[in-house]
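Trainee: take a look and give me a structure for this.
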Amino acid sequence: MLLLFCVVAFFTRATPRRIAGALCSVAVFTALSAPIDTVGLRTGLWTYPSCIDPPHPPLLAYVGQALEFVGCIALVGWRVQRRFGRRGVAALAAVVCALGAVRDFSVAAALPQMMHMGPLPGSLIADVVAWGIVVSVALGVMRIVSGPAPSDPLR
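Mentor: Residues are numbered from 1 along each chain as shown. Model prediction:
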């Protein structure tokens, strides 16, 4: 996950300030992950059958996934926003939400002992909302920590 983050940072030509913003996004989302999964568990929208006590993945799994998804989305989103503005961010959010739901439902189908999705359409809607939170946290924290995308000089 760290290697992927470094590759994305390199190709987006992220400055140290942007890398710091992306890492702060990772930290914030890592803190939100277990509560989001707890809501999913308590409402029957998704569960992790292999996780008993606690009923969600361990912290290291959340950090890795946040680094892979939130950190990379923050860096790519910063570039998309810089180049395409609000329309680009909306398109990025739609793509991330769609691919995220496909990913989650594919994992649940292929590895039912790892993840189980609840009944449709509720679990699908909740999963898309959860991915929307991923995008919002990634871009929001990036903006708070590193400033608006247009404030960076082109490199």
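
Trainee: please make it C-alpha for all contacts and neighbour counts, starting now.
Mentor: Fine.

Trainee: ranges for the helices of the chain?
Mentor: 2-11, 16-42, 59-65, 72-110, 122-146 (DSSP state H).

Trainee: as TSV, the ones you listed with distance to Cys51 would be great.
Mentor: Shown next, in TSV, are these (distance: least, Cα to Cα, whole Å):
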stretch	distance to Cys51
helix 2-11	24
helix 16-42	11
helix 59-65	12
helix 72-110	14
helix 122-146	19
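
Trainee: quick one: which of those is nearest Asp152?
Mentor: Across the helices of the chain, Asp152 has its closest neighbour in helix 72-110 (8.5 Å, Cα to Cα).

Trainee: and the pLDDT at Arg82?
Mentor: Looking at Arg82, its pLDDT reads 89.

Trainee: please apply the same query to Arg155.
Mentor: 66.

Trainee: what about stretch 5-13, average pLDDT?
Mentor: The model assigns stretch 5-13 a mean pLDDT of 92.

Trainee: report the buried residues of it.
Mentor: Phe5, Val8, Ala9, Thr12 (16 or more other Cα atoms under 10 Å).

Trainee: so how far is it from its chain's centroid?
Mentor: Averaging C-alpha positions (Cα atoms, centre = their mean, to the nearest Å) puts stretch 5-13 16 Å from its chain's average.

Trainee: ok, now stretch 3-14?
Mentor: 16 Å.

Trainee: contacts for it?
Mentor: The contact list for stretch 3-14, computed with Cα atoms under 8 Å, 6 or more residues apart in numbering, reads Ile19, Leu67, Glu68, Gly71, Cys72, Leu75, Val76, Arg79, Arg155.

Trainee: re the thing from before, mind putting the buried residues of stretch 5-13 into JSON lines with distance to Met115?
Mentor: Output for the buried residues of stretch 5-13, formatted as JSON lines (distance: Cα to Cα, whole Å):
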{"residue": "Phe5", "distance to Met115": "25"}
{"residue": "Val8", "distance to Met115": "28"}
{"residue": "Ala9", "distance to Met115": "30"}
{"residue": "Thr12", "distance to Met115": "32"}
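
Trainee: rewinding a little: CSV for the contacts of stretch 3-14, including distance to Val102?
Mentor: Putting these into CSV (distance: Cα to Cα, whole Å) gives the following:
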residue, distance to Val102
Ile19, 28
Leu67, 19
Glu68, 16
Gly71, 20
Cys72, 18
Leu75, 22
Val76, 20
Arg79, 24
Arg155, 34
